[in-house]
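Chemist: Everything below, folded, please.
(2 chains)
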Amino acid sequence: MKNEMDYTIEHSPSYASLRLDLKANETVFVESGAMAAMDSCIKMKSKVQGGLMKGIGRMLGGESLFISEFTAQGKPGQLFVSPGVPGDIQHYYLNGNSLMVQSSGFVASSPTVTIDTKFQGFKGFFSGEALFLIKATGEGDFWFSSYGAIVEIPVDGDYVVDTGYIVAFEDTLNYNVEMMGGLSFKSLRTGILGGEGLVCRFRGQGRLWVQSRNLFPLLNFFNPFRPVKSNN
Amino acid sequence: MEIQLLQQPDSAIARVIFNAREELVAEAGAMIAMNGYLNVSTTLRQGKGGGILGGLKRMFAGESLFLSVFRSPTAGCELFLAPKLLGDIFHYQVSNVGLVVQATSYLASGSDVDIELGFQGFKSLFSGESIFWLNISGKGDLLLSSFGAIYEIEVDGEYVVDTGHIVAFEKTLNFEIGKPGSSWLGAFLGGEGLVCRFKGKGRLFCQTHNASAFGQLVGAQLPPR
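Modeler: All right, here's what the predicted structure looks like:
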């Protein structure tokens, strides 16, 4: 039986914010620093989920070390959560299965969900576009975010995604990172980050979520506008 | 070919569904996700002073005229495309009337649409904007992207647009580039940069925001290169 939390995703897809309506004494895990506003009856506690070592693992995964725990004490309360980057938020209910999420995509989860860092893509490491994933398992609610809008793709067979646009996917999908010749401009570098044509190929059956924008091209866009260091 | 535009206007993403043996040409790096069965290859458009070197030069000028070609072996293949910056996508049907597109606004086109790198219109001394135009002709689907939202103006007579806000315009319009006021000093001090004066009758597409103005504003705050 599902035991979903009461939630609303507002201002989607470009400025999505998550509103959680906690019942009395209900607890939720939130990405540290993502709390935007809340009722005064909600108490916050910073914690390192799964012990220190796992926390350090998460730090290496590009995820902040701390996850904050919010509990509505004694009476129901409202909590607004906003990801650091403007974009979309997607809800997923874990039913004993696993969800792989791009490392900066974690927004919030039920306390019954376990979050684990899983390293992937040392292949992608040199490119600055490393594909780091966190793995969410257990039973309960999970929310993840993107830069730009989220599009859900039901994969059945073979699907290719630019590594910079992966948000999350179900564990039933097999994946591996590869270079795609037709998309590669490696010999003619198109920017400081990315442009190598690195893709992730998914096989099998399962749901996949991609984002409509990526932060790397934005960084590349700003690069030529930076002031030039003078030699004097 | 079926094209759906999703999540408009600020996070727009295009979903393309191919018929068998159809082809789509898209700006390099515009592919987000696709069926694994699609064939992909790269191509380079040659313009005046083109070739690989011309392409390189354009690339350093912030223009990537390297294009990816997507070919569908079977019907029903799917492809997602999006521009790099936040903004909208516009679906234009190319027919007898040709279109002139600002190169950064080009996203994708069908295989029967011809893309020719036009002249480098001018290089503004004041704003540092360099604008490349693409000459679009032929027949078929064309996807344009904008920084911010996109709006259409039916020009009949004369119209003036800041060059940084032009997305595309139909070739039935004549245009000349000039200063907004009567003096060059005023153009410089007023910060308006250069404007395009359109004459004639045709459709004109503009974007609500100017990407290079945004780049200058934010870029100036970043640590030096």
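
Chemist: residue ranges of the helices in chain B, please?
Modeler: Using DSSP state H, the helices found in chain B span residues B:51-60, B:184-189, B:211-219.

Chemist: Just the mean pLDDT for the first one, thanks.
Modeler: In this model, helix B:51-60 has an average pLDDT of 44.

Chemist: Next up, the contacts around the nearest residue to A:Ile166 once chain neighbours are set aside.
Modeler: Once flanking residues are discounted, A:Ile166 sits nearest to A:Gln102: 5.4 Å by CB to CB, 6 or more residues apart in numbering or on different chains. (Each C-beta comes from the backbone N, C-alpha and C, glycine too.) By CB atoms under 8 Å, 6 or more residues apart in numbering or on different chains, the contact list for A:Gln102 reads A:131-134, A:144, A:166-168.

Chemist: Any chance of JSON lines for those, columns secondary structure and neighbour count?
Modeler: JSON lines is the format used below for those (DSSP: H, G, I helix; E, B strand; the rest coil; neighbours: other CB atoms under 10 Å in any protein chain shown):
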{"residue": "A:Leu131", "secondary structure": "coil", "neighbour count": "21"}
{"residue": "A:Phe132", "secondary structure": "coil", "neighbour count": "20"}
{"residue": "A:Leu133", "secondary structure": "strand", "neighbour count": "22"}
{"residue": "A:Ile134", "secondary structure": "strand", "neighbour count": "23"}
{"residue": "A:Phe144", "secondary structure": "strand", "neighbour count": "26"}
{"residue": "A:Ile166", "secondary structure": "strand", "neighbour count": "26"}
{"residue": "A:Val167", "secondary structure": "strand", "neighbour count": "25"}
{"residue": "A:Ala168", "secondary structure": "strand", "neighbour count": "26"}
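
Chemist: of those, the lowest pLDDT goes to which?
Modeler: A:Leu131 (67).

Chemist: so where's chain A shaky on pLDDT?
Modeler: Within chain A, the segments meeting pLDDT under 70 span A:1-3, A:47-66, A:117-131, A:181-197, A:231-232.

Chemist: looking at this, A:Glu4 is in a helix?
Modeler: No. A:Glu4 is assigned coil when assessed by DSSP: H, G, I helix; E, B strand; the rest coil, not a helix.

Chemist: What's the separation between it and A:Tyr93?
Modeler: The gap separating A:Glu4 from A:Tyr93 is 6 Å, by CB to CB, to the nearest Å.

Chemist: of these two, who's got more company?
Modeler: A:Tyr93 (15 against 10; other CB atoms under 10 Å in any protein chain shown).

Chemist: That one touches A:Gly138, doesn't it?
Modeler: No. Shown here, A:Tyr93 and A:Gly138 do not form a contact pair, counting by CB atoms under 8 Å, at 11.0 Å.

Chemist: Centre-most residue in chain A?
Modeler: Nearest residue to the geometric centre of chain A (CA atoms, centre = their mean): A:Gly105, 1.1 Å.

Chemist: Would you agree that one is in contact with A:Ala168?
Modeler: Yes. Judged on CB under 8 Å, A:Gly105 makes contact with A:Ala168 at a distance of 6.2 Å.

Chemist: Identify the contacts common to those two.
Modeler: Contacts common to A:Gly105 and A:Ala168, judged by CB under 8 Å, 6+ apart, are A:Phe144.

Chemist: Apart from its chain neighbours, what residue comes closest to the residue in chain A that chain B sits nearest to?
Modeler: Residue nearest to chain B within chain A: A:Phe225 (2.3 Å; CB to the nearest CB). Once flanking residues are discounted, A:Phe225 sits nearest to B:Gly219: 2.3 Å by CB to CB, 6+ apart.

Chemist: repeat for B:Gln93
Modeler: Closest to B:Gln93 by CB to CB, 6+ apart is B:Asp141, at 6.7 Å.

Chemist: how much space between the one you found and A:Val160?
Modeler: Distance from B:Asp141 to A:Val160, by CB to CB: 22 Å.

Chemist: Same question for B:Ile32.
Modeler: 10 Å.

Chemist: Across the sheet, point out what pairs with the closest residue to A:Ser40 other than its chain neighbours.
Modeler: Nearest residue to A:Ser40, sequence neighbours excluded (CB to CB, 6+ apart): A:Gly77, at 8.0 Å. According to DSSP bridges, the partner residues bridging A:Gly77 are A:Leu22.

Chemist: now A:Leu18
Modeler: Beta-bridge partners of A:Leu18, as defined by DSSP bridges: A:Ile9, A:Val81.

Chemist: Can you give me every residue that contacts it?
Modeler: Contacts of A:Leu18 by CB under 8 Å, 6+ apart are A:7-10, A:80-82, A:89, A:107-108, A:143.
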